[in-house]
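heads up, no residue letters with this:
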């Protein structure tokens, strides 16, 4: 009889519907691998499903977790170029349509039928997870899996700032929201030679202090952000990244971006717009959305993580056993840590 393993399961849309359940290792298909999970990051989306204030469909019950790395323990019969023992991380696009026009362009992250780990299919907050081999990326030996598991949020940030934004050295960039993605967006902007301010609230001071490790200026409150954005010539920031996602932060971005500037919205929010977008017409501003990532971004980010040019150590607030998921979630939810990492095995 196959031994059962604990898993962090989101079992209904009701608030707080997450618990530890015993599950059997998943069956794999011919093009899959079975991955023994070494480390899995807790994402803000995991918290949103736990508190039930998310805005995406979920296939209940589902094992949470989409930021993960581990070692291959079994390969499907059609899998080539991967072997047992390989250290890997996985992309999040667990189910895609190979014939979708976006997939054919290499933008499978934008396939409308895409389903991801942790909401569409079972994720990695357990001992073993089934992963399509096409999702895998090799982790270089110098990079610990406890850091490599955070490749995914780094890729979200890279896509938002480096791929989907117009950014040049010397630009003044305001990032709104000092969560994981906000801090990493700020770090990526710094890698591009920008001067970066990170905006948060009074209770975000600990997170904003972490941003100093990436060379960013902490800003508390809208007035401080406005003064910083207009410090040079009074016109505003060249680029504003909205990593908070709610209507008031987008409104603030519209106010503080300079004419002919750029706003990239990477944060999610359920609150509807309650203001006019006409100022983006008047100021000739580009408003850009950014979602997920694709193969080339993962390879680039893994190289940056391995070289140390992009370091996730400052945002990791601790490691917890899988059975202590609730403490790990609470620490993030209360803002005591930026990123919690679960270690299932």
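That came in fine, so what should we check first? Keep in mind it's a predicted model, so treat the numbers as computed, not measured. Numbers count the residues shown, from 1 in each chain.

Check the gap between residue 80 and residue 133 for me.
As for residue 80, its distance to residue 133 is 8 Å (criterion: Cβ to Cβ, to the nearest Å). In this view, the C-beta of every residue, glycine as well, is placed from N, C-alpha and C.

Looking at the two, which is more packed in?
When residue 80 and residue 133 are compared on other Cβ atoms under 10 Å, the one with more neighbours turns out to be residue 133, at 21 against 8.

For the closest residue to that one other than its chain neighbours, the count of nearby residues, please.
Closest residue in space to residue 133, ignoring its immediate chain neighbours: residue 79 at 4.6 Å, by Cβ to Cβ, 6 or more residues apart in numbering. A total of 20 residues lie near residue 79 under the criterion other Cβ under 10 Å.

model confidence over stretch 113-122, on average?
Model confidence over stretch 113-122, given as mean pLDDT, is 97.

Could you tell me how far it lies from the centre of the chain?
If you compare the mean C-alpha spot of stretch 113-122 with that of the full chain, they lie 15 Å apart, counting by Cα atoms, centre = their mean, to the nearest Å.

Strands along the stretch 201-345 of the chain, start to end?
Per DSSP state E, counting those that start in this stretch, the stretch 201-345 of the chain has strands spanning 217-220, 237-242, 257-265, 286-289, 316-321, 339-343. These are given in chain order.

again, but for the stretch 51-200 of the chain
Remark: strands assigned in the stretch 51-200 of the chain by DSSP E, counting those that start in this stretch are 62-63, 67-75, 87-90, 93-95, 115-116, 128-132, 136-138, 172-176, 195-200.

name the helices or strands packed onto the second one?
By that I understand strand 67-75. Applying 3 or more Cβ pairs under 8 Å, 6 or more residues apart in numbering; DSSP states H and E, one finds that strand 67-75 makes contact with strand 32-41, strand 87-90, strand 128-132, helix 145-148, helix 151-158.

cool, the fourth one as well?
Contact here means 3+ Cβ pairs under 8 Å, 6+ apart; on that basis strand 93-95 packs against strand 115-116.

In the sheet, which strands lie alongside the strand it packs on, parallel or antiparallel?
Partner strands for strand 115-116, per DSSP bridges, with pairing direction: strand 93-95 (antiparallel).

rewinding a little: who touches both of residue 80 and residue 133?
Counting by Cβ atoms under 8 Å, 6 or more residues apart in numbering, residue 80 and residue 133 have no common neighbour.

if we can go back for a sec, single out the most deeply packed of the strands of the stretch 201-345 of the chain.
For the strands of the stretch 201-345 of the chain, ranked by mean neighbour count under the definition mean count of other Cβ atoms under 10 Å, the leader is strand 237-242 at a mean of 29.

how far off strand 257-265 does that one point, in degrees?
30 degrees (axes from the mean of the first three to the mean of the last three Cα atoms, to 10 degrees).

which residues are in contact with strand 237-242?
Defining contact as Cβ under 8 Å, 6+ apart, one finds that strand 237-242 is touched by 160-161, 165-168, 171-177, 182, 185-186, 189, 194, 197, 229, 249-250, 253, 256-258, 261-267.

quick one, domains of the protein?
The chain resolves into domains spanning 5-150+312-343, 155-289 when parsed by automatic domain parsing.

Figure out how far the longest one is from the centre of its chain.
Spelled out, that is domain 5-150+312-343. Distance of domain 5-150+312-343 from its chain centroid, counting by Cα atoms, centre = their mean, is 11 Å.

Give me the contact list for stretch 126-134.
5-8, 23, 25-29, 31-37, 63, 65, 68, 70, 73, 75-76, 79, 82, 90, 94, 117, 122-123, 322, 344-345.

Name only those of these that count as buried.
Among these, those classed as buried by 16 or more other Cβ atoms under 10 Å are 5-8, 23, 25-26, 28, 32-37, 63, 65, 68, 70, 75-76, 79, 90, 94, 117, 122-123, 322, 344.

on that earlier part again, just the buried residues of the contacts of strand 237-242.
Among the contacts of strand 237-242, those classed as buried by neighbour count (16+ other Cβ under 10 Å) are 160-161, 165, 167, 171-177, 182, 185-186, 189, 194, 197, 229, 249-250, 253, 256-258, 261-267.

for residue 103, what are its contacts?
96, 97, 111.

Number of residues surrounding the residue nearest to residue 277 when sequence neighbours are not counted?
Of all residues beyond its chain neighbours, the one nearest residue 277 is residue 254 (7.0 Å), with distances taken as Cβ to Cβ, 6+ apart. Residue 254 is flanked by 22 other residues according to other Cβ under 10 Å.

for residue 254, what are its contacts?
Residue 254 makes contact with 263, 275, 277, 279, 280, 285 under the criterion Cβ under 8 Å, 6+ apart.

Serialize the residues you listed to CSV and add fields for distance to residue 213 and pLDDT.
Compiled in CSV, these are given as follows (distance: Cβ to Cβ, whole Å; pLDDT from 0 to 100):
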residue, distance to residue 213, pLDDT
263, 26, 98
275, 35, 92
277, 35, 93
279, 34, 96
280, 33, 96
285, 31, 98
